[in-house]
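> Dropping a prediction and its sequence here:
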Amino acid sequence: MEPDPYSPYGVLLCGISAPVVALQANLMHPAIAQEEVNGILHHNDNNRLVCEHVAPVGSHLPVTTCRTYGEILGQRRADQKFLQDRAMYNH
C-alpha cells in the first residue's frame with residue numbers, strides 16, 4: 001500500500017514528489033505558511049495555545065488553564081516591569 005501524496009501524512013512519506021505537492025498546497029498563502037513554519041521552528045508562535053494542569057495554592061485539585069503564548073509573554077513582561085519599577089522606588 002502506497003501513501004497518499006495528498007494527505008498531510010502522505011506528503012511526509014512519499015519521497016521526492018512529496019515536497020512538490022506540499023509546495024503547491026502552500027502557494028496560495030505563502031506568508032501564512034511561512035509564519036506557521038517559523039512559529040513551529042522557534043516555538044514562539046503568539047497564537048500557539050499552551051495549557052497547564054496545576055493545583056492552585058490551597059487546593060489538591062488540579063485545574064487546567066490554557067493561554068496563548070502571546071498572553072504568557074505579555075504577562076511575563078508586565079511582571080518584570082512591575083518588579084523593576086518596585087526595585088527602583090525602594091532604593
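Received, thanks. Only a predicted model underlies this, so the values are computations on that prediction, with no experimental measurement involved.
> Domain parsing of this structure, as residue ranges.
Here the domain parsing of the chain from automatic domain parsing is 8-42, 49-90.
> Mind telling me which of these the model trusts least?
Ranked by mean pLDDT, the domains of the chain end with domain 8-42 at the bottom, a mean of 58.
> where do the strands sit along this protein?
49-54, 63-68 (DSSP state E).
> mind putting the ones you listed in TSV, distance to residue 80 and mean neighbour count included?
The way it works is simple: take the backbone N, C-alpha and C, and place the C-beta from them, glycine included. TSV is the format used below for the strands of the chain (distance: least, C-beta to C-beta, whole Å; neighbours: other C-beta atoms under 10 Å):
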stretch	distance to residue 80	mean neighbour count
strand 49-54	19	10
strand 63-68	17	11
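> Would you mind giving the ones you listed as a markdown table with distance to residue 90 added?
A markdown table is the format used below for those (distance: least, C-beta to C-beta, whole Å):
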| stretch | distance to residue 90 |
| --- | --- |
| strand 49-54 | 30 |
| strand 63-68 | 30 |
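> Go through those strands and name the closest to residue 79.
strand 63-68 (13.9 Å; C-beta to C-beta).
> need the longest helix for the chain.
helix 69-90 (DSSP state H).
> And the contacts of it?
44-50 (C-beta atoms under 8 Å, 6 or more residues apart in numbering).
> Now the two most distant members of those.
Between any two of these (C-beta to C-beta), the greatest distance is 13.3 Å, for 44 and 49.
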